[in-house]
Structures are given as C-alpha cells and as structure tokens.
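J.: 3D model of this:
(4 chains)
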There are 2 protein chains.
Amino acid sequence: MTKASDRAYEAIRGMILSGELSSGDPLREEALAERCGVSRTPIREALRQLEADLMVRRTESQRSYVSDWSLDDVADAFELRAMLEGYAARRAAERITDDIVDQLKSCNKAIYSAVSRVKPDVTTFLDRNREFHALVLETAGSRRLTNLLTALIEQPVVWRTAQHYDPEAFERSHGEHADLLAAFERRDGAWAQSIMESHIRRALHAYSDAHKGLGKLEKGAA
Amino acid sequence: MTKASDRAYEAIRGMILSGELSSGDPLREEALAERCGVSRTPIREALRQLEADLMVRRTESQRSYVSDWSLDDVADAFELRAMLEGYAARRAAERITDDIVDQLKSCNKAIYSAVSRVKPDVTTFLDRNREFHALVLETAGSRRLTNLLTALIEQPVVWRTAQHYDPEAFERSHGEHADLLAAFERRDGAWAQSIMESHIRRALHAYSDAHKGLGKLEKGAA
DNA sequence: CTTTTATCAATTGTATACAATAAAGCTCAC
DNA sequence: GTGAGCTTTATTGTATACAATTGATAAAAG
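T.: Have a look, this model is predicted:
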C-alpha cells in the first residue's frame, strides 16, 4: 500500500495538471482531505511538496492557492531549465559509459517509433522523453543538480507544452536527442551542453508561439 | 508568538550549523520534539523543510539523517551557485534602479568597515554579505530563481567558509562587490555575470584550500 | 557456524480533537 | 453612508493516540 500522503500528492497534482483546479483556486485542507479520502495530515504534507514544486503558493497568512503562471514565469522556468540541463548534459558527457549511451539510444528509438506515425503517441513520447532526460540527469551525477532540476521539470507547463507540438516538432525533438548522443559518444561536454540548451530553448519557443498574446495560462490551455 | 514549526526549524538548523549534530547523525522525531519542546507534528514539518534545503536526507525507509558533504558535494554546490548567481547578477544588471544601487553601496560600505580592521567582525560580514546577495537576487526578479538559490545558499558549508578567510580574503570579497556595483551602474549584464561567477568560484577555492586532503567534512571543521 | 524466520522493539504514518489565528460579517457611533 | 471595533465563522496550527512499517534480536533449521 502506498502512503496516503503520496496518493494525496499525486491526486492534487493530477487535479492541477488536468485543469480540474485552475490557477488561483484556493486549496483548503479539509476540502482536499475529503476529496482524497484521507485526513488533513497527509494533505498538509502533500501541499508542502507541491509548494516546493512551485505548483502551489502560500500567502503570508498560510493559505494555499494553485500557482498562476504568467508567460514571463514560463519563460523564466524554461530559461533556468535550459541552463541547468545544459550543465547536466556537459557533466553527463564527461562521465558517461558505453552502457548508458546504449540505453539512451534505445530510449530515443522508442521515441522515434512513437512520433513517426500519422497520429503521434503523445503519452509515450512524454514518458520516454522524461526517461531520456532523467537518465542524462542521473549520469551527470550531482545530487544537488538533480534536486534543483526536478523542481523545475515537474511543472504543468512543461508537460502541456508537448500537446502543442506538430508532427515536425516531434521529429525535431528526436533529432536533437540523436545529436546529443553523438556528443556523448565523443565525450564532448561543451557540445552536449550547447545542444541541450538549444533543445530546451526550442521547446520554450514552441510553447510561447502556441500561447502568443495570452497574459495568463488558462484552465483548458489545450 | 512565532509558529512552533518555525522555531523547530531554526532550532534543528542551528544544531546542525553549530556542529551539535554532526554529519550522518540520525534525526528521530520524538527525540527532536522533546529537545525543542514541541510535539512531533511541527518537527515533521521542519524536517521536510530541512530536507528541501538538502541539510537533511531521508533514506528510502523514511528515516532522517544529517546530510554528509564530501568535498565533491561542496564543489558541486558552489559550481551550481556560481552558475545561478551569475545568472541572477546578469538579470539584476538589466533591471536595477539607482535606488537599489545605492542600497547595495551602503551595504558594501558596512562590509568594508566590518572587515578592514585588525580583527575582522565575521558575524557582521556574514550578515551583510547575505544581505548583499539577497538584494541582488531580489532585483533579478525571478521567483523560481530565488527558490532554487535559497536552497543552495542556506548550506552549512557556505556559512562556514568565511571562517577560514584571512584578512586579505575579506578585502578581496569587498572589492569584488565593488566591481559588481560598477557593472550594475553601467547596466552591463554580461560583466556582472562574469564578476559574480568569479566571486563565487573564488569562495569555493578558499574553501577547498582550507580543507585540502579531507575526504569528509568534520564536525568541528573550524 | 551460517542462514532463515519469527517475534519484538523502535520509529514513522495517519486520524482526530482541540487551540490559535485570520477572514468575514455585524453593530454602532459619527 | 462609512468606518472602527467587536463578534462570529472559517481555516490553519499543534498535540496526542493509535496504526503501520521498519530494524533488531533471538531462536531454530540446515
């Protein structure tokens, strides 16, 4: 049996990601407890975690709300992510083994077969993409970096971004991963860093193109 | 009256910083509760925060221990800090107002008077240095960046580093702040970034010089 | 003597009751 | 009418009891 606080975390996170809870909505502990079928104690724990993830903000009077993300906030998150994942890629290139390269290759192959069809399988793409980046991060071998980056990656906007990709964008993403692998095989940290930064920045612009003119992120952003 | 969980956080943090609790020591909720004079509930909250700060680690079986920092870990933290604070300085230079520049100047003046004496006032130096960096970070105007950096800055090693400074190192630190102010006055983001990165990296090497040969950080590291 | 397994102790997880605090509404003076 | 101050209500904070899980110990089988 999984812990109640973990279930509560996933449940609330899911409500935010799905749009069931919108930006600015108040999060009252008792209401969430009832909704999740647990007591307030694990809810409080979950809210603290979500707050660390920046998906929830607390006012000075300790009340919790779903975070609202302006376009600037999103750009900011991507910029930080580009910097940190670029650094992760550099470190990974300096530490990678042939074994890990093989794992990354098969992972990217799975991405390719998910997106190189008339109707791309977005869910598989997201899962495998996540796996790819997680493996790079792990190879970078910095607990602190991992800690910082997960907070950035677990953001709603990051996950919703891919919903706006056109088929070409999916293929490009796969191609950039392939470039990254070339850099890894040559153990070229600087190259890996550049590619990764470009990769993330491209994702930012894909997002901002899709949301041009919007000041705030709306509920059913898809 | 301040919240019990906040008091507990400060108390435990203090125990770690002072060396009353050493690296690897187990943190049992009940024992801490008794020691802090509160119940387990606020202790749990404090531990979660300290875990987010990376001052406490939890095993897979949910037991908490004081984090141990190898020299590599420290180097890692400083490297990340250099990158992120460099970015913060760049953003700050692009957004700074004359008013903030004045505040930073008076802050650095206070640093100067604290360290330009036969026996430098380390506590004042630390407080003002913290204030200086906090103000730069605030000026950078990125909630996410602030969030990430505070986790890195609130580390024991960062605070203990200055204990090893010689008088010359204190003066150099003041001088680098002055350089940074020059970059701010000219609104030169790239320059500000370079200076800040050097500033942090110098601090790293001051630290590693003082700890040469040590594999782990010891309790009474001073 | 080693390994396995069963039991027990120690520790964390959860629910609930109550206390403290902040928001909302209401009264009353002006 | 409007705003200050009180009262009420809603919400979060804390303590405590108990449940669940983990780690340690010891007994038994190989």
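
J.: pull the longest helix from chain A.
T.: Ranked by residue count under DSSP state H, the longest helix found in chain A is helix A:71-95.

J.: how about whichever helix or strand comes after that helix: buried residues?
T.: The first helix or strand that comes after helix A:71-95 along the chain, using DSSP states H and E, is helix A:98-115. If you call a residue buried by 16 or more other C-beta atoms under 10 Å in any protein chain shown, then helix A:98-115 has these buried ones: A:100, A:104, A:107-108, A:110-112, A:114-115. Any C-beta I mention is one placed from the backbone N, CA and C, and that applies to glycine too.

J.: ok and helix A:98-115 relative to helix A:71-95, angle-wise?
T.: Relative orientation of helix A:98-115 versus helix A:71-95 (axes from the mean of the first three to the mean of the last three C-alpha atoms, to 10 degrees): 140 degrees.

J.: tell me which strands and helices the next helix or strand after helix A:98-115 is in contact with?
T.: Downstream of helix A:98-115, the next assigned helix or strand under DSSP H and E is helix A:122-140. Judged by 3 or more C-beta pairs under 8 Å, 6 or more residues apart in numbering or on different chains; DSSP states H and E, the packing partners of helix A:122-140 are helix A:71-95, helix A:98-115, helix A:143-153, helix A:167-185.

J.: 10 Å instead?
T.: In this structure, helix A:122-140 makes packing contacts with helix A:71-95, helix A:98-115, helix A:143-153, helix A:156-161, helix A:167-185, helix A:189-210, judged by 3 or more C-beta pairs under 10 Å, 6 or more residues apart in numbering or on different chains; DSSP states H and E.

J.: Does anything pack onto the fifth one? Which helices or strands?
T.: Looking back up the chat, that one is helix A:167-185. The criterion is 3+ C-beta pairs under 10 Å, 6+ apart, and the helices and strands that helix A:167-185 contacts are helix A:71-95, helix A:98-115, helix A:122-140, helix A:189-210.

J.: hmm, try it at 6 Å
T.: Using 3 or more C-beta pairs under 6 Å, 6 or more residues apart in numbering or on different chains; DSSP states H and E, the elements in contact with helix A:167-185 are helix A:98-115, helix A:189-210.

J.: try the second one
T.: In this structure, helix A:98-115 packs against helix A:122-140, helix A:167-185, with contacts taken as 3+ C-beta pairs under 6 Å, 6+ apart.

J.: report the angle between the axes of it and helix A:122-140?
T.: 160 degrees.

J.: which residues touch helix A:98-115?
T.: Under the contact criterion C-beta atoms under 6 Å, 6 or more residues apart in numbering or on different chains, helix A:98-115 has outside partners A:121, A:124-125, A:128, A:131-132, A:135, A:139, A:170, A:174, A:177, A:181, A:184.

J.: between that helix and helix A:167-185, how big is the angle?
T.: Going by the same axes, to 10 degrees, helix A:98-115 makes 170 degrees with helix A:167-185.

J.: cool, and the last one?
T.: Counting by the same axes, to 10 degrees, helix A:189-210 points 170 degrees away from the direction of helix A:167-185.

J.: Could you do the third one as well?
T.: With the same axes, to 10 degrees as the criterion, the two stretches helix A:143-153 and helix A:167-185 enclose an angle of 180 degrees.

J.: ok, is helix A:143-153 in contact with chain B or not?
T.: Yes - contact of helix A:143-153 with chain B (C-beta under 6 Å from any C-beta of the partner chain) involves A:144, A:148.

J.: hmm, who's touching that helix?
T.: By C-beta under 6 Å, 6+ apart, helix A:143-153 touches A:53, A:77, A:80-81, A:84, A:88, A:137, B:76-77, B:80, B:148.

J.: before we move on, what about the last one?
T.: Outside of helix A:189-210, the residues within contact range by C-beta under 6 Å, 6+ apart are A:78, A:81-82, A:85-86, A:89-90, A:93-94, A:161, A:164, A:169, A:176, A:179-180, A:183.

J.: which stretches of chain A have low pLDDT?
T.: In the predicted model, chain A carries pLDDT under 70 at residues A:1, A:156-160, A:163, A:212-222.

J.: Domains in chain A, by residue range?
T.: For chain A, automatic domain parsing gives the domain ranges A:4-66, A:71-210.

J.: Span of the last one from start to end?
T.: Domain A:71-210 has an end-to-end distance of 11 Å (C-alpha to C-alpha, to the nearest Å).

J.: likewise the shortest one?
T.: Start and end residues of domain A:4-66 are separated by 21 Å (C-alpha to C-alpha).
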